[in-house]
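Student: Using only what follows, build the 3D model:
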Amino acid sequence: MGIFGRIKNIAVADVNDFLDGLENPVSMVKQYIREVEEAAVQAQQAYANQLVAERQVDGLIAEAQKAVAKRTRQAELAVDQGEDGIAALALQEKLVQQQRLQTYLDQKELLAGQTAVLNEELTKLKDLHAVLQDKLLFLTSRANAAQAIQNANAALRSFDTNKIAGGLARIEAGIWRSEAQASAARHVQGVFGGGAPVNAGLAADVQEELKKLKAARSQG
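Tutor: Got it, this is the predicted structure:
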C-alpha cells in the first residue's frame, strides 16, 4: 500500500501527531520520504505528459477551426456560382470539422482539469516532503540524544561510586603528604643548609651586631 493509501486522510498539519504515534517513527519517516519522492517523480512525468497532450489538442483545434472556415468559404462561393452540389459537399465537410472541433474543445477542457489536479497534487507532495524532512531531522536528533543519555547512564551504573570516592581520597591524601614533605625539606634546607639566612632583615642585624662586637673588642 502506498503512502496515500496509508495517510491519505491526514492533513499536512496532522502529520506530526500521526508520526509521533508510530512504533519506530524514524524508519517510517524515511520510508514515507522515499514513497513521496517516488510519487512526485510519477506525478511530474504525468504533468509533463498532460502539457504535451494539451499542446497537441491545441494544434488539432487550430487545424479544425481553419478547416471549418475554409469549407464555409467554399460553400458560400459555390452557392454564389450556382453550384449547389459543390456547396453541399463543402457544408458536409464543414459539419464534420465542426464536430471534430467540438470534440477537441471538450478534450482540452478535460485535459486542463486533469492538469490542474496534477499540479495541486504536486504542491501537496512538495509540502508533505518538506514536513517529513523536518520531522526526520527532529526525530533523528531526539534518537541520538536518547542514545547518548542511555550510554551515559550505562557508564554511570558500571562505576562503583564508593570505590571511586575512596580512590580519590587516597590520591588527595598522597598529594597532601607530598606537599608536606616538600615544605619540610625546604625548612630543613633553610636551617641547616649553611647558606644565607632566609630573612634578609635578620642578616643585616647580624652584620650590625658583628660590627659592634669587633669594635668593642678592638678597644678592649
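Student: Output the lowest mean pLDDT helix or strand found in the protein.
Tutor: helix 3-7 (a mean of 50; mean pLDDT, DSSP states H and E).
Student: tell me the domain boundaries of this structure?
Tutor: 3-158, 163-219 (automatic domain parsing).
Student: Let's have those in a markdown table, adding mean neighbour count.
Tutor: C-beta here means a position set from N, CA and C on the backbone, and glycine is covered the same way. A markdown table is the format used below for the domains of the chain (neighbours: other CB atoms under 10 Å):
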| stretch | mean neighbour count |
| --- | --- |
| domain 3-158 | 14 |
| domain 163-219 | 10 |
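Student: Could you tell me the least trusted of the ones you listed?
Tutor: Of all these, domain 163-219 carries the lowest average pLDDT, namely a mean of 71.
Student: following the helix or strand where residue 135 lies, which helix or strand comes up?
Tutor: Applying DSSP states H and E as the criterion places residue 135 in helix 84-158. As assigned by DSSP H and E, the chain's next helix or strand after helix 84-158 is helix 161-192.
Student: Show the subsequent helix or strand relative to that following helix.
Tutor: That would be, after helix 161-192 and using DSSP H and E, helix 200-219.
Student: wouldn't residue 30 be in contact with residue 136 here?
Tutor: Yes. Using CB atoms under 8 Å, residue 30 makes contact with residue 136 at a distance of 6.6 Å.
Student: For residue 133, give me its contacts.
Tutor: Residues near residue 133 by CB atoms under 8 Å, 6 or more residues apart in numbering: residue 33.
Student: again, but for residue 120
Tutor: If you count contacts by CB under 8 Å, 6+ apart, residue 120 has none.
Student: That one and residue 114, how far apart?
Tutor: According to CB to CB, to the nearest Å, residue 120 and residue 114 sit 11 Å apart.
Student: so how far is residue 145 from residue 152?
Tutor: Using CB to CB, residue 152 is found at 11 Å from residue 145.
Student: what do you get for residue 179?
Tutor: 43 Å.
Student: Check residue 43 too.
Tutor: 36 Å.
Student: Report all helices and strands that the strand or helix carrying residue 50 contacts.
Tutor: Using DSSP H and E, residue 50 maps to helix 25-80. Helices and strands touching helix 25-80, by 3 or more CB pairs under 8 Å, 6 or more residues apart in numbering; DSSP states H and E, are helix 3-7, helix 15-20, helix 84-158.
Student: got the angle for it vs helix 84-158?
Tutor: Orientation check (axes from the mean of the first three to the mean of the last three CA atoms, to 10 degrees): helix 25-80 against helix 84-158 gives 170 degrees.
Student: Next, report how far helix 25-80 is displaced from the centre of its chain.
Tutor: 36 Å (CA atoms, centre = their mean, to the nearest Å).
Student: now do stretch 69-88
Tutor: How far stretch 69-88 lies from its chain's middle: 70 Å, per CA atoms, centre = their mean.
Student: Report the backbone C-alpha coordinates of it in PDB.
Tutor: What follows is stretch 69-88, C-alpha atoms only, in PDB (Å, rounded to 0.1, in the frame of the first residue of the first chain):
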ATOM      1  CA  ALA A  69     -13.500  28.500 -42.100                       C
ATOM      2  CA  LYS A  70     -12.300  27.000 -45.400                       C
ATOM      3  CA  ARG A  71     -15.300  24.900 -46.000                       C
ATOM      4  CA  THR A  72     -17.600  27.800 -45.100                       C
ATOM      5  CA  ARG A  73     -15.900  30.000 -47.700                       C
ATOM      6  CA  GLN A  74     -16.100  27.200 -50.300                       C
ATOM      7  CA  ALA A  75     -19.800  26.700 -49.700                       C
ATOM      8  CA  GLU A  76     -20.500  30.400 -49.900                       C
ATOM      9  CA  LEU A  77     -18.600  30.600 -53.200                       C
ATOM     10  CA  ALA A  78     -20.300  27.600 -54.700                       C
ATOM     11  CA  VAL A  79     -23.700  29.000 -53.800                       C
ATOM     12  CA  ASP A  80     -22.800  32.300 -55.400                       C
ATOM     13  CA  GLN A  81     -21.800  30.400 -58.500                       C
ATOM     14  CA  GLY A  82     -25.000  28.300 -58.500                       C
ATOM     15  CA  GLU A  83     -23.100  25.100 -57.900                       C
ATOM     16  CA  ASP A  84     -25.300  23.600 -55.200                       C
ATOM     17  CA  GLY A  85     -23.700  20.100 -55.300                       C
ATOM     18  CA  ILE A  86     -20.300  21.500 -54.500                       C
ATOM     19  CA  ALA A  87     -21.800  23.800 -51.900                       C
ATOM     20  CA  ALA A  88     -23.500  20.700 -50.300                       C
END
